[in-house]
Each structure stands twice: as C-alpha cells, then as structure tokens.
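Asks: sequence and predicted model, in that order:
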Amino acid sequence: MRHRWHEQIQRCANGQSSAAEIAELHKALSADAELRALYLDYLNLDMALSATADAAVTVADDNARIIEDSRRIDRQPAHLWRWAAGAAACALLVILVMPSKRQHELRAQHDLAAAAESAQQAITRLPSGAPAGLPAWMSPTASLLDQPTSRQ
Amino acid sequence: MSHSDDQHHDQFLRLFAEHGPALRVFVRALVPSHRDASDVTQEVAVVLWKKFADFDATRDFRKWAFGVARYEVLAYLRDKGRDRHVFDDELVSKLADEASVAAPRHDAQREALETCLQKLPEPQRALVLAAYAKDARIDQLAEHRGQTAMSLYKTLYRIRRALLLCVRRTMSRENLA
C-alpha cells in the first residue's frame, strides 16, 4: 500500500499528477499523519537534491577554473622561455655587432697609424736644409716655434 | 545606508542564510509545483525583509519566518486555487504545522543525504544530480540517454525512494528520527 504512495507523491512533486490523482492524494494526506510525514520527507529530499546539484555545478565550475588557472601557470614557463630566448638573441646580436664595431675602430686606428707613418716617412724624405737662397727658419722641417731671427 | 542599517541588513542576511533551506522546504511542502514554490519563496523573502524591522530579536527567527511564509502561501494558493487543483486550506495548515515540527528532522536528513548519495553507484548519483541541475529538462536528458521520458522518471523514482529509505535508516540508526 505504502509503495504506491512513494510514486504518487513524487509524481505530484514533479507536477505530473492528474487532477484525479491530486484529489486522491489530498484525501489520503488529510486522513493519514504518517503519509503526511512521508510527503514532507520527499519534498525535503527534493529540495536537498536541488541544493546538492547546484553545489555540484558550483564545485565543477570552481574546479574548471582552478584547472584552467593551473594550466595557465603551467604555460608560464613557456612564456618565460620565450622571453629568455629573446634576451639570448639580443645578447648574441650585441656580441656579434660589438666585435665588428671594435674591428672597425681597430681598422681606423690602423689606418691612422699608417697615415701617420707615411706622413713621417714623407717628412724624413724632405731635404733637411732650407732651399738655397732661403733663410734657415723657412726650412719645412724647422720648428714653427722657432722664431725667425731678426737681423740685428 | 547608515551603520545601524548595515547591521540590521547583515543580521537579516545571517538569519536568512541559516534558516533559508528550511524555509524553502516549508514552502515547497505547501506548494506542490516546483516553479510556484520558487516564486512564493522569493515573495516570502521580500516580505520578511520588509517586516524585519518589527521582528523581536529575542524570538525564534525560523518560527516567525514560517508564520509569515504560511500566510503568504495560503494567499498564493487562494489566488491559484481558482484555476488549479491544489490542496485546500485545511490540509495546507496541517502540513504547515507538521513541517514546522519536522524542521529539525529535515535539517538532519539533509545532512544524512550526503552520505547516502555517496553510497549510490556512480552512474545513479550522476543521473540524479543531472536531473536536478538548474534548467535540466527530463525529456532532453532521456533523449541523451536513449530512454523515453517516462522510463527516466521511473528510474528517478527508484533512486529517490532508495535515497529516502537510506536517509531514514541513517536517522533511526543515529536516533535522530
């Protein structure tokens, strides 16, 4: 007898009962305190299952967010590696560019030294004395600081 | 909002959070339709907040809230009664009295449910929670499982019956019934 009311109460709670079934349940509930207790327990169970299902969805959402966050954190080293690779590439570029710049400077110094040496050689090749007929201070090798000696 | 209003509001929220689940069961017991029960519960929450200024803090909030809810439910059912088959005032009053008395037992049953759900085989637990998920539709769930809606309802009746019997057994074992 009780067995049939389990389904009848649940059908009523689901909104599936016909008008005749509701009337039958109404009559039985009005007369039977034990059946009313069963009815109240079923509706309590119904509400508790709704709350549990809602909580399960919330927990599932939270878990999905945590998993997504942890995946993002796991991916972070890849980002760091990307930054590290970029930094290494920059460093390599600097290393490659700096020697060429240094070489350029060295080459310029070398050219300057060669030019200075060539000038020195050209100077040494010049006649040391002033051309005949010119005073000694007009010699090209004479120091510019040497004051022309004025004839007293 | 002043500091005093804030405190008043916080006090209401604390009490409502504590007794809300019992209040929802109380309303659900008196309003058989799930959707109607949800509408009435929201209306009751608004009325409780409006009347909270008159609430004597030395009184039992749950008892007071059930009293307000009972009045709101009866008013709602009288309106709906014109075009819907629902329980009459006499039965609703009986159920309201007994739901108030049963509230502590229902609190304990809700706690026992967690253990009983864990005892269910995983497919059945997943199914019952899927059926109770927000916006879940039994016809769609049945189609997804390759069943008819009626056959799925029958499966859910059996699972709920097993859960209720488990909860009642747990309670009587722990002398909480």
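Replies: Cool, the structure landed. Numbering: from 1, shown residues only, chains lettered A, B, ... in the order given.

Asks: ok, now which ones touch the closest residue to A:Tyr39 other than its chain neighbours?
Replies: Excluding the flanking residues, the one nearest A:Tyr39 by Cβ to Cβ, 6 or more residues apart in numbering or on different chains is A:Ile9, at 5.2 Å. Using the backbone N, CA and C atoms, a C-beta is placed for each residue, glycine as well. A:Ile9 is in contact with A:25, A:38-39, A:42, counting by Cβ atoms under 8 Å, 6 or more residues apart in numbering or on different chains.

Asks: closest point of chain B to chain A, which residue?
Replies: Taking Cβ to the nearest Cβ as the measure, the point where chain B comes nearest chain A is B:Tyr132, at 3.7 Å.

Asks: what does that residue show for phi and psi?
Replies: Geometry field for B:Tyr132 lists phi and psi as phi -100, psi 0, criterion degrees, to the nearest 10.

Asks: if I look at the closest residue to it other than its chain neighbours, how far off is B:Leu156?
Replies: In space, and not counting its chain neighbours, B:Tyr132 is closest to A:Ala53: 3.7 Å by Cβ to Cβ, 6+ apart. The gap separating A:Ala53 from B:Leu156 is 12 Å, by Cβ to Cβ, to the nearest Å.

Asks: so what sits against both of the two?
Replies: Residues touching both A:Ala53 and B:Leu156 (Cβ under 8 Å, 6+ apart): B:Ala131.

Asks: if we can go back for a sec, element containing the residue nearest to B:Tyr132, please.
Replies: Remark: A:Ala53 resides in helix A:33-125, with elements defined by DSSP states H and E.

Asks: now swap in A:Gln10 and tell me
Replies: Per DSSP H and E, A:Gln10 falls inside helix A:2-13.

Asks: B:Arg14 too?
Replies: Using DSSP H and E, B:Arg14 sits in helix B:3-30.

Asks: next one: the very next helix or strand once past that helix to chain centre, how far?
Replies: Using DSSP H and E, the next helix or strand after helix B:3-30 towards the C-terminus is helix B:34-51. A distance of 12 Å separates the centroid of the chain from that of helix B:34-51, by Cα atoms, centre = their mean, to the nearest Å.

Asks: the longest helix seen in chain B to helix B:3-30, inter-axis angle?
Replies: As assigned by DSSP state H, the longest helix anywhere in chain B is helix B:89-119. Calculated by axes from the mean of the first three to the mean of the last three Cα atoms, to 10 degrees, helix B:89-119 forms an angle of 90 degrees with helix B:3-30.
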